[in-house]
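# got a sequence here, can you model it:
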Amino acid sequence: MIGYLSGACEAAWWCWSWSCQLVGAAALLGLAAWLLTIALDLLHPLRLVDRLHQRVVLITGCDSGFGEALARRLDSLGVPVVAGCLFPEGPGAQRLVQQCSSRLRVLPLDVTSEQQVRDAVSSIRDSLDGRELWALVNNAGVSDGGEAELVPLEAFERTLAVNTVGVVRVTQACLPLIRQAKGRIVTVASPLGRTAMPIMSPYCMSKSAVISYCDALRVEMKKWGVSVCTVEPSSYM
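Numbering: from 1, shown residues only. Just a heads-up that it's a prediction; the model follows:
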């Protein structure tokens, strides 16, 4: 009996030992595959989209920040950029005019103005000259904050008008042209649209709404070959 128990314990130990070794080997293989994937991604040469000089990109909110920086970067790559600026005679817009190539155009664009949005899209359509409106970058945004109980209703309305309704307004106006090009819609959202923060309720609401809008639009546009995505940066100065 003792010999039987001893044999059974030895067999159990042997099985457990081999199981641990197999699990460890599988874990090592998984780690190796993951590291190989990362290495291949890092070593893979950067490939830009083809026909960049034929693909017009409209960016809203180019007076400063991300919008101005993106306009400069795309212009340096040979992309025809339409830089929508709230203040087309302001310092940010004038820097773009003076320091970028002639491919870049500055247009007055207040995303809360139906007339300005229509005029901007009409101007882009008339100037395509065989090119295509391939991308819209919804970058324009404002940020209001304070204790939710004390923030004036006008602050909520203003933030939603720019960050949410403005995105919808410009997107709807551009979609017929972007659908033809099978292009893309890129919207600058925020992590605060997913996890709310005190003192920032108007901004959090607006970004949460725009993320939901883009999630729905992404599914609707798939059948047209149009990509829809959000970029959700943290806080930058």
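
# confirm that Pro198 sits in a helix.
No - remark: Pro198 does not belong to a helix; assigned using DSSP: H, G, I helix; E, B strand; the rest coil, it is coil.

# neighbours around it, how many?
Residues lying near Pro198 (other CB atoms under 10 Å) number 10. In short, each C-beta sits where N, CA and C put it, glycine included.

# okay, it: pLDDT?
We note a pLDDT of 94 for Pro198 in this prediction.

# distance of it from Lys207?
Pro198 sits 15 Å away from Lys207, taking CB to CB, to the nearest Å as the criterion.

# next: Lys182.
Counting by CB to CB - Lys182 and Lys207 are separated by 27 Å.

# next, count neighbours for Cys214.
Other residues close to Cys214 by other CB under 10 Å number 21.

# could you give the mean pLDDT of the helix or strand where it lies?
Assigned by DSSP states H and E, Cys214 belongs to helix 201-221. Helix 201-221 shows a mean pLDDT of 97.

# pull out the buried positions in the very next helix or strand once past it.
Next helix or strand after helix 201-221 toward the C-terminus (DSSP H and E): strand 227-231. By neighbour count with 16 or more other CB atoms under 10 Å, strand 227-231 contains the buried residues Val228, Thr230.

# relative orientation of strand 227-231 and helix 201-221 in degrees?
Computed by axes from the mean of the first three to the mean of the last three CA atoms, to 10 degrees, the angle separating strand 227-231 from helix 201-221 equals 160 degrees.
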